[in-house]
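K.L.:
Build me a model:
(one chain, ligands or ions: 1)
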Amino acid sequence: MLRPVLQYPDPLLSKPCEPVGAIDDGIRALVADMLDTLSTVGGVGIAAPQIGVLKRVVIIDVSLEKEQEDAPQDFRVFINPVVTVLDPRPHEENEGCLSVPDLRAKVKRPRLVALDGIDLDGNPVHIEGGGYYGACMQHETDHLDGKLFLDHLSFLKRSLYDKKMRKGRK
Ligand code: NI
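P.N.:
Sure, this is the predicted structure:
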């Protein structure tokens, strides 16, 4: 089912998420909704809090690994994902977010990372990479800690955006 994507400054987007215990029907329904929403609104990844559920679940388009724009999207589920930094040297990518409309900005993050989690069958899933792919893994996992890519921007850039969004809501 398509769910509305929460948008900044919705307070749920800045809350830490709970780890998933048992993979039950609730989690399966959550993942189905995340997939429906992501494929409808378009994007390379989504985190559960973006549809208002504070659980540690993300979906990532693993076709990004190929670094080919025409590669068909291939969404993979990561439950309780953990990022491990493999190369801490800073690398900059232009990021955007379904929950942060009308803004793309350069964000510096560690260059190479791994992402580990489990899938809906409880099997371990592991991916690693850098560039836009690595940034995406870090961006989506950040959501589970209540962090948006805005939190990586300078105070000035962030306050400008903040002002614009709060004004637009009135
Ligand atoms: Ni995002």
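K.L.:
quick one, helices of this structure?
P.N.:
Counting by DSSP state H, the chain has helices at residues 25-41, 131-143, 155-169.
K.L.:
want to throw those helices into TSV with mean pLDDT and distance to V53?
P.N.:
C-beta coordinates here come from the backbone N, C-alpha and C atoms, glycine included. Output for the helices of the chain, formatted as TSV (pLDDT from 0 to 100; distance: least, Cβ to Cβ, whole Å):
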stretch	mean pLDDT	distance to V53
helix 25-41	98	6
helix 131-143	97	11
helix 155-169	86	22
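K.L.:
The longest strand along the chain: partners in the sheet, and parallel or antiparallel?
P.N.:
Longest strand in the chain by number of residues, with DSSP state E as the criterion: strand 75-97. Under the criterion DSSP bridges, strand 75-97 sits next to strand 57-61 (antiparallel), strand 100-118 (antiparallel) in its sheet.
K.L.:
What are the buried residues along it?
P.N.:
With burial defined by 16 or more other Cβ atoms under 10 Å, the residues of strand 75-97 counted as buried are 75-81, 83, 91, 93, 95-97.
K.L.:
ok, now stretch 40-50?
P.N.:
Under the neighbour-count criterion of 16+ other Cβ under 10 Å, stretch 40-50 has 43-50 buried.
K.L.:
Same question for stretch 18-36.
P.N.:
20, 23, 27, 30-31, 33-34.
K.L.:
residues in contact with stretch 118-137?
P.N.:
Here stretch 118-137 makes contact (Cβ atoms under 8 Å, 6 or more residues apart in numbering) with 23, 27-28, 31, 44-45, 60-62, 64-65, 67, 76-81, 83, 86-87, 91, 93, 95, 107, 109-117.
K.L.:
swap in stretch 7-17?
P.N.:
Contacts of stretch 7-17 (Cβ under 8 Å, 6+ apart): 6, 47-50, 52, 54-56, 99-101, 143-148, 150, 162, 165-166.
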